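> here is the input, now give the coordinates:
(4 chains)
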2 protein chains.
Amino acid sequence: MGRSKTDHFTEQQNQIALIAKALGHPARVAIIDHLLKVNACIGNAILEEIPLAQPTISQHLKVLRDANLIKGTIDGNAICYCINETTFELLNSYFQNITTHVIHQNCC
Amino acid sequence: MGRSKTDHFTEQQNQIALIAKALGHPARVAIIDHLLKVNACIGNAILEEIPLAQPTISQHLKVLRDANLIKGTIDGNAICYCINETTFELLNSYFQNITTHVIHQNCC
DNA sequence: CATCTATATCGTAATATTGCAATATACAAA
DNA sequence: TTTGTATATTGCAATATTACGATATAGATG
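Just a heads-up that it's a prediction; the model follows:
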């Protein structure tokens, strides 16, 4: 039905899924990569990096903002975007935990 | 159009997006969590853990397999599933890299 | 062989995502 | 105030995802 039954899962499972989903598009990964590369905040400059129309990029930025992967602060009529380190640290510790656990796994 | 323009992005961006997308559903995160918890391979036992119908779970397992997040080896008429550590290590180093970079970021 | 068990596939309905043109909003600057 | 620049919203078409009943496949077991 295209609708996921979030109430059946734990809060952490829903949270990780939500963040992962937001990263589940190459354009959004490219935006993150760009924000890391320029090592500073940018606004409209993303338009010149990603070959998509302005409304589409605006939409992707919204998805990233809603997932707390990026922060945007208003600077005049532009918006200054940057990585939200808190969420990436959350992801980092989630996967760190998995990889250290997996070592002790005796698999088939 | 519901179709992402993968050719506009780097191979790594597409790869990360693909894996993240596969993790972008709570049921699939729950499957990963379960595989980690039981610390061993299981087959049909996932059905008792996830409150979804068998065809739906089979579909989710396929998504995880296609993204190389899990491996499945045939064991009689059952299938033995387990975490594919290689892909999780890839994710781990990707996010590790981001978090260490982000520290030096002077944001708005 | 008949039957059970485990898993996959098909078909389909409901819903979500992606992309963009057109348009709106909001601040800045002339 | 008019104009330009930056970003968001709306509306819509194309496509993808999610979920499940029904059914198929494949190995195990009686």
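> who's in contact with the nearest residue to residue A:16 once chain neighbours are set aside?
Spatially, and ignoring its direct neighbours in sequence, residue A:16 is nearest to residue B:29 (5.0 Å; Cβ to Cβ, 6 or more residues apart in numbering or on different chains). To be clear about C-beta, it is placed using only N, CA and C from the backbone, and glycine gets the same treatment. The neighbours of residue B:29, taking Cβ atoms under 8 Å, 6 or more residues apart in numbering or on different chains as the test, are A:9, A:13, A:14, A:16, A:17, A:20, B:23.
> which one in those residues is the model shakiest on?
Lowest pLDDT within those is found at residue A:9 (94).
> surely it meets residue B:26?
Yes - between residue A:9 and residue B:26 a contact is recorded at 3.9 Å, counting by Cβ atoms under 8 Å.
> identify the contacts common to the two.
In contact with both residue A:9 and residue B:26: residue A:17, using Cβ under 8 Å, 6+ apart.
> ok, the two, which is more surrounded?
residue B:26 (27 against 22; other Cβ atoms under 10 Å in any protein chain shown).
> who's in contact with the longest helix anywhere in chain A?
In chain A, with assignment by DSSP state H, the single longest helix is helix A:85-102. Contacting residues not belonging to helix A:85-102 are listed as A:15-16, A:19, A:67-69, B:32, B:36, B:39, B:83, B:85, B:88-89, B:91-92, B:95-96, B:98-99, B:102-103, B:105 [Cβ under 8 Å, 6+ apart].
> and if we set it to 7 Å?
A:16, A:19, A:68-69, B:36, B:83, B:85, B:88-89, B:91-92, B:95-96, B:98-99, B:102 (Cβ atoms under 7 Å, 6 or more residues apart in numbering or on different chains).
> point out where chain A drops to low pLDDT.
A:1-7, A:104-106 (pLDDT under 70).
> DNA strand C contacts on that one?
Contact residues (Cβ under 7 Å from any atom of the strand) of chain A with DNA strand C: A:1-3, A:21, A:24-25, A:27, A:52-56, A:59-60, A:63, A:76-77.
> take the residues you listed and keep only those in helices.
A:21, A:27, A:54, A:55, A:56, A:59, A:60, A:63.
> so what's the fifth one closest to, chain neighbours aside?
Read it as residue A:56. residue A:27 (7.7 Å).
> neighbours around residue A:10, how many?
By the measure other Cβ under 10 Å, the count of residues near residue A:10 is 12.
> phi first, then psi, for it.
phi -70, psi 160 (degrees, to the nearest 10).
> same question, residue A:74
According to degrees, to the nearest 10, residue A:74 has phi -70, psi 130.
> of the contacts of residue B:29, buried ones?
Among those, those scoring as buried are A:9, A:13, A:14, A:16, A:17, A:20, B:23 (criterion: 16 or more other Cβ atoms under 10 Å in any protein chain shown).
> just the closest of the residues you listed to DNA strand D, please.
residue A:17 (8.4 Å; Cβ to the nearest atom of the strand).
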